[in-house]
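**Q** Model the following, please.
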Amino acid sequence: MANIKSSIKRIKTTEAKTLRNKMVKSSLKTTIKKFDTAVIEKNVEEATATYKEVVKALDMAVSKGVIHKNMSSRKKSRLASRLNTLSA
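**A** Numbers count the residues shown, from 1 in each chain. Below is the predicted model:
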């Protein structure tokens, strides 16, 4: 256990940030799974709607610093190509 006041504060802030990052990542994974199920069921309308949600969630995760912007771009590209093959 830390004795110094600043290190106690750093532990608290780290725990808070870890919790926030975990929440953002969890919701992001859930949204991506919704998109995957829509693609598997070959439901174009639902897949298109959930793709927009996924893009928004990815952009929010990047803005909060939870994931890297290149990871976000890669995921968006791969999901878009899956959506395009579904609608084609």
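**Q** So what's the gap between the longest helix anywhere in the chain and the chain middle?
**A** In the chain, with assignment by DSSP state H, the single longest helix is helix 5-40. Offset of helix 5-40 from its chain centre (Cα atoms, centre = their mean, to the nearest Å): 9 Å.
**Q** Show me which residues of that helix are buried.
**A** 24, 28, 31, 32, 34, 35, 38, 39 (16 or more other Cβ atoms under 10 Å). For the C-beta atoms, the positions are set from N, CA and C on the backbone; glycine is no exception.
**Q** Out of those, which is nearest to residue 11?
**A** residue 24 (20.8 Å; Cβ to Cβ).
**Q** The closest one contacts residue 59, doesn't it?
**A** No: with contact taken as Cβ atoms under 8 Å, residue 24 and residue 59 are classed as non-touching, separated by 11.6 Å.
**Q** residues contacting the residue most central in space within the chain?
**A** In the chain, the C-alpha nearest the mean C-alpha coordinate belongs to residue 28, at 3.0 Å (Cα atoms, centre = their mean). Residues near residue 28 by Cβ atoms under 8 Å, 6 or more residues apart in numbering: 54, 57, 58, 61, 66, 67.
**Q** Among those residues, the buried ones, what's the ChimeraX command?
**A** Selection of buried members from these for ChimeraX, criterion 16+ other Cβ under 10 Å:
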select :54,57,58,61,66,67
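**Q** now, which of the contacts of residue 28 lie within helices?
**A** Reading helices off the contacts of residue 28 with DSSP H, I get 54, 57, 58, 61.
**Q** what helix or strand is the residue nearest to the third one when sequence neighbours are not counted on?
**A** Leaving out its chain neighbours, the residue that sits closest to residue 58 by Cβ to Cβ, 6 or more residues apart in numbering is residue 72, at 4.4 Å. Under the assignment given by DSSP states H and E, the secondary-structure element containing residue 72 is helix 69-87.
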